[in-house]
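**Q** Sharing a sequence plus its predicted fold:
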Amino acid sequence: MALKRCLLEMGMGVDLHGRDYTQAAQRAVTNALWHNSLYFTRSFGAGPESMRVDVTIAVPEPDAVNGDAVLSVLPYGQKHINVVKGGLEIPNEDGSDATVMANAAVLVSLDV
């Protein structure tokens, strides 16, 4: 069998105060998955744990993201993460705080 891409969802998450890149990333993944229920795995005789879930997160400070915490948002699958530079940081007036925006791409694949 071969790994085949089955679903790609995108999401955006925001941390309004505190520059919490992990929280923004978690919200982006949750946003990407919010309106999905993946029944198609059953069509292939597989369960939800058979899914490979690849998450790409884009934030201004990739090293500030706790990948394991972001992956904990996913309910199923063999989870993998790649954090890259991107997203957006909007500093407040005096530079003491910022709003952080993270982008997420969630790719689900099955071995079919």
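**A** Structure's in. What do you need?

**Q** In the chain, where is pLDDT below threshold?
**A** Applying pLDDT under 70 to the chain flags the ranges 1, 39.

**Q** Give me the residue at the spatial middle of it.
**A** Compute the mean C-alpha point of the chain, and by CA atoms, centre = their mean the closest residue is residue 29, 3.4 Å away.

**Q** Quick check: that residue touching residue 106?
**A** Yes - in this structure, residue 29 is within contact of residue 106 by CB atoms under 8 Å, at 6.3 Å. In this view, the C-beta of every residue, glycine as well, is placed from N, C-alpha and C.

**Q** shared neighbours of those two, anything?
**A** Residues touching both residue 29 and residue 106 (CB atoms under 8 Å, 6 or more residues apart in numbering): 11, 55, 74.

**Q** Confirm the last one sits in a strand?
**A** No - assigned with DSSP: H, G, I helix; E, B strand; the rest coil, residue 74 falls outside any strand and is coil.
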